[in-house]
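>>> Just to be clear, the model below is a prediction. Sequence and coordinates:
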Amino acid sequence: LQQEALEKIEQSQELKQLNDVRVAYLGKKGPITEVLKGMGKLSAEERPKMGALANEVRDAIASAIESKQQVLETAAIEKQLQEETIDVTLPGRPVQVGSHHPLTSLIEEIEDLFISMGYKVEEGPEVEKDYYNFEALNLPKGHPARDMQDSFYITEDILLRTHTSPVQARTMERHGGKGPVKIICPGKVYRRDNDDATHSHQFMQIEGLVVDENIRMSDLKGTLNVFAKKMFGEDREIRLRPSFFPFTEPSVEMDISCKICGGVGCSVCKKTGWIEILGAGMVHPNVLEKAGFDSKKYTGFAFGMGPERIAMLKYGIDDIRHFYTNDERFLMQFGQKE
Ligand code: PHE
């Protein structure tokens, strides 16, 4: 019996099989239990001999099972380790991460440039009072130039701002007639336009304003020159053309030289060699006075530009709607910079 059990133990390949052997030989219905149960029928001399023998066999089987069990358990762990091994040297799968919107990146770039020249960033409400959007900027009710900026009115006196210039009016007013004021104001603006490749009913602007004693047109020109060269390359020239804005006098428009055709004339610069970038001028005395500044003591310059237009020129984007339709194929081209 012992021999037979030991063989079966030896042959067991799995813990389950080994357990079956244990039940068969050492279990309540196994042969050894049977022998021990039948002891009562034996004579007084036979009993201890038989008992000793049965115990011996049982112990031998039990210890064989135990050592086999250890062998099988170790093997099972080995097998599991083998199967679950992870090769930590395998390269990971690339994780798709989002990136800044191209306009956000560009606006941050422009902000950084002006911050480095001592400007502060100011923001204002998109839902604006008619007063700050127009009146304070020398555009009284009925002024024909209000038509330049077809507006979304909410009530008679409240509208979606048509430009970021109301932020300059608000900031000047807060300064209580004391300079210097040196700010740029990025933000969304709204106009009643039919959307097409170059128009959008909602777009971005960045406004710049400097007010202090002795601010001159040459300061404006120098500032715009630095901006144009940092933004588009040191080899760009700028030129200022006379223009009109109710809130600046004199008013100008700034062009940069066309690098694509080198001034010979191409479709980007409409064969003129120059590309229009922004509007600017010397702050109108009426605007200074309305905001509480003494226009005999203080002068200032202001400029306003459209980041979409700048991004379109910088990156060769041909349709303003790309900025607002969230096509990943477009956005992914302006991937993470960090
Ligand atoms: N607010 C003007 C516009 O929206 C731009 C501008 C700003 C012009 C400041 C001159 C000075 O067209």
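It's in.
>>> what residue ranges in this protein score low on pLDDT?
Residue ranges of the chain with pLDDT under 70: 148, 336-338.
>>> Near the ligand, which residues of it are found?
By Cβ under 6 Å from any ligand atom, the part of the chain that sits against the ligand consists of 163, 165, 207, 245, 248, 279-281, 302-304. Any C-beta I mention is one placed from the backbone N, CA and C, and that applies to glycine too.
>>> Any of these buried? List them.
Using 16 or more other Cβ atoms under 10 Å as the burial test, the residues of the chain next to the ligand include 163, 165, 207, 245, 248, 279-281, 302-304 as buried.
>>> So which of the residues you listed sit within strands?
When DSSP state E is applied, those are split such that 207, 245, 248, 279-281, 302-304 fall in strands.
>>> Now distance to residue 147 too, for those residues, in JSON lines please.
Formatted as JSON lines, these follow (distance: Cβ to Cβ, whole Å):
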{"residue": "207", "distance to residue 147": "21"}
{"residue": "245", "distance to residue 147": "14"}
{"residue": "248", "distance to residue 147": "18"}
{"residue": "279", "distance to residue 147": "16"}
{"residue": "280", "distance to residue 147": "21"}
{"residue": "281", "distance to residue 147": "19"}
{"residue": "302", "distance to residue 147": "21"}
{"residue": "303", "distance to residue 147": "22"}
{"residue": "304", "distance to residue 147": "18"}
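>>> now, which of these sits nearest the ligand?
When these are compared for distance to the ligand (Cβ to the nearest ligand atom), residue 304 wins out at 2.6 Å.
>>> Please verify my assumption that the closest one contacts residue 165.
Yes. Using Cβ atoms under 8 Å, residue 304 is in contact with residue 165, at 6.5 Å.
>>> for this structure, which helix is longest?
For the chain, the helix with the greatest residue count under DSSP state H is helix 46-83.
>>> Sort out which residues of that one are buried, please.
By 16+ other Cβ under 10 Å, the buried positions in helix 46-83 come out as 50, 54, 57-58, 61, 64-65, 68-69, 72.
>>> Adding distance to residue 253, write those residues out as TSV.
Output for the buried residues of helix 46-83, formatted as TSV (distance: Cβ to Cβ, whole Å):
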residue	distance to residue 253
50	119
54	113
57	110
58	107
61	103
64	100
65	97
68	94
69	91
72	88
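>>> Out of those residues, flag the one nearest to residue 13.
Minimum distance to residue 13 across these is 7.8 Å, recorded for residue 72 (Cβ to Cβ).
>>> Show me what residue of the stretch 1-150 of the chain gets nearest to the ligand.
Closest point on the stretch 1-150 of the chain to the ligand, by Cβ to the nearest ligand atom, is residue 149, at 6.6 Å.
>>> Not counting its neighbours along the chain, what's nearest that residue?
Take residue 149 and drop its neighbours on the chain: the residue closest to it by Cβ to Cβ, 6 or more residues apart in numbering is residue 162, 3.8 Å away.
>>> quick one, what contacts that neighbour?
133, 149-151, 189-191 (Cβ atoms under 8 Å, 6 or more residues apart in numbering).
>>> Filter those down to the buried ones, ChimeraX style.
Selecting only the buried entries of the contacts of residue 162 in ChimeraX, with 16+ other Cβ under 10 Å as the criterion:
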select :133,149,151,189,190,191
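>>> Show me the contacts of residue 162 that map onto strands.
Reading strands off those with DSSP E, I get 189-190.
>>> Now tell me what touches stretch 234-244 from outside.
145, 221, 224-225, 228-229, 250-257, 259, 274, 279-281.
>>> same question, stretch 57-72
The contact list for stretch 57-72 (Cβ under 8 Å, 6+ apart) reads 1-2, 5-6, 9-10, 12-15, 18, 21-22, 25-26, 32.
>>> which residues touch residue 248?
280-284, 301-302.
>>> Try it again at 7 Å.
280-284, 302 (Cβ atoms under 7 Å, 6 or more residues apart in numbering).
>>> quick revisit: anything in contact with each of residue 304 and residue 165?
In terms of Cβ under 7 Å, 6+ apart, residue 304 and residue 165 are both contacted by the residues residue 207.
>>> about what we covered before: buried ones from the contacts of stretch 234-244, can you make that a ChimeraX selection?
With 16+ other Cβ under 10 Å as the criterion, this ChimeraX line picks the buried residues out of these:
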select :221,224,225,228,251,252,253,254,255,256,257,259,274,279,280,281
